[in-house]
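Enquirer: compute the structure for the input listed below.
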Amino acid sequence: MKQLILRELKAIWHDPWQLALLSYIPLLGVICLWWMFSAGIPRMLPVAVVDHDLSQTSRMLVRQLQASSVISPSYYQDMLAAKSSMQRGEVYATVVLPHDLNRDLIRGEQPVIDIRYNSQYLLVGKLLSSQIQLSLADGLKHKALIKQLAAGIPKPQVLVNINLVSSQTTALYNSNSNYVVFLLPPILVALGQLLAMLVFANSLNRELRWSTIQQWPSLGVVKLLSCKFAVCMGLLLLQNYVMLVFLYQYLQLPIAGEISQLLMAQVAMLTAIWLLVLVIFSLLQDSARVISFCTALFAPGFPFMGITFPTEDMPALAQYWRLLMPSSHYIETHVGVVSYGQPFTALSQQLLGYSGFLLLIPVAALLLRRVLKHQADQPATVGVST
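Expert: Numbering: from 1, shown residues only. Down below sits the predicted model:
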């Protein structure tokens, strides 16, 4: 076993790409992503305003938009220009204040204020939609207050009429709506899944490139694969531990549970990823196709986590695909530990969710037997081994 571990370590040392994946690239990626989201909360997002009314009321509503820290309104002459600007990505939303807005409000009619946002920017679009509606609602409430007071209605009754139902929203787990807390961890999980796939796929593909796969029976297939698992697992867990310490101790992002639970769940996630990679490698036996197929399988990991889109609303096929994503199983543990401080009993139940991946072991064994038999039938070649 010791010789096989040294064999794998030497192979990593002589493979610059593999060495980079297992050393500095993930750490640089974490720092870059943190810098990108370091603002925490989106501010001054450009919004196109088309004011057809040009009245005191419409100007008051624009000032209400300007008062929001999220919105940065800009005047446009017509809807066509505003739409073109949104298509070019210069603004994220448009607000059209209609003709006779002030007159209709005075008459007690219901004018329509057109609000549109670019739904391609999912989180930005939702944020702007809610902030624009809140800002305009505050301005219109002020207008309604003045109108009812002018009609002689007592102020206490006016306040009741305007606010028939009051609500208060209190965020339990991300009180500041910080995007670092909300987005950075799941993005790192999705990228970490791709990284783990690349690391193990490169380790297996190297055996094909160097024609050393024919040595597997003499070295012991189970021992060799176990050493690959152990070496890659140890190095990636060390990386992940450094990342977790950086996020939850250095940056002091809120965490209610223990980091040790996250590391235990990551062991299960990495094992599931590598079992999938092993089956695909045994099935395809081609370096380029293995990487391409695995990338296509694991690349949609982030949307399937259910962080930005409810997975219950996905089609049935997408939900089945989600079950193949080890990261989708892991994110439940991550949210439970970070937000809820879940006990170890909950972790043990979540780890059972990975049990289905164990069915890949006999599948991989059968496929590997076929691969080794095929390799044994090939003419002997001189390979490079370390």
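Enquirer: quick check: residue 115 vs residue 63, distance?
Expert: 17 Å (Cβ to Cβ, to the nearest Å). Using the backbone N, CA and C atoms, a C-beta is placed for each residue, glycine as well.
Enquirer: settle it for me: which of these two has more neighbours?
Expert: residue 115 (15 against 12; other Cβ atoms under 10 Å).
Enquirer: what's the offset of the host helix or strand of the more buried one from the middle of its chain?
Expert: Assessed by DSSP states H and E, residue 115 sits inside strand 114-117. Centroid separation for strand 114-117 versus its chain: 26 Å, with Cα atoms, centre = their mean, to the nearest Å.
Enquirer: in its sheet, what does that strand sit against?
Expert: Strand 114-117 pairs in its sheet with strand 93-97 (antiparallel), by DSSP bridges.
Enquirer: could you point out the helix or strand that follows the partner strand?
Expert: Tracing the chain C-terminally past strand 93-97 and defining elements by DSSP H and E, one meets helix 101-107 next.
Enquirer: ends of stretch 208-223, what's the gap?
Expert: 18 Å (Cα to Cα, to the nearest Å).
Enquirer: picking up where we left off before, the strand holding residue 115: what's the following helix or strand?
Expert: Along the chain past strand 114-117, the next helix or strand (assigned with DSSP H and E) turns out to be helix 122-150.
Enquirer: and that next one with strand 93-97, angle?
Expert: Helix 122-150 and strand 93-97 meet at an angle of 20 degrees, taking axes from the mean of the first three to the mean of the last three Cα atoms, to 10 degrees as the criterion.
Enquirer: counting by contacts, list what helix 122-150 packs against.
Expert: With contacts defined as 3 or more Cβ pairs under 8 Å, 6 or more residues apart in numbering; DSSP states H and E, helix 122-150 has these neighbours: strand 45-51, helix 56-67, strand 71-76, strand 93-97, helix 101-107, strand 114-117, helix 155-162.
Enquirer: with just CA atoms, put the second one into PDB.
Expert: Think helix 56-67. C-alpha atoms of helix 56-67 as PDB (Å, rounded to 0.1, in the frame of the first residue of the first chain):
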ATOM      1  CA  GLN A  56     -45.300  66.700  -9.800                       C
ATOM      2  CA  THR A  57     -46.500  63.200  -8.800                       C
ATOM      3  CA  SER A  58     -44.400  61.400 -11.400                       C
ATOM      4  CA  ARG A  59     -41.300  63.400 -10.300                       C
ATOM      5  CA  MET A  60     -42.100  62.500  -6.700                       C
ATOM      6  CA  LEU A  61     -42.200  58.800  -7.600                       C
ATOM      7  CA  VAL A  62     -38.800  59.100  -9.300                       C
ATOM      8  CA  ARG A  63     -37.400  60.600  -6.100                       C
ATOM      9  CA  GLN A  64     -38.800  57.700  -4.200                       C
ATOM     10  CA  LEU A  65     -36.800  55.400  -6.500                       C
ATOM     11  CA  GLN A  66     -33.700  57.500  -6.000                       C
ATOM     12  CA  ALA A  67     -34.100  57.200  -2.300                       C
END
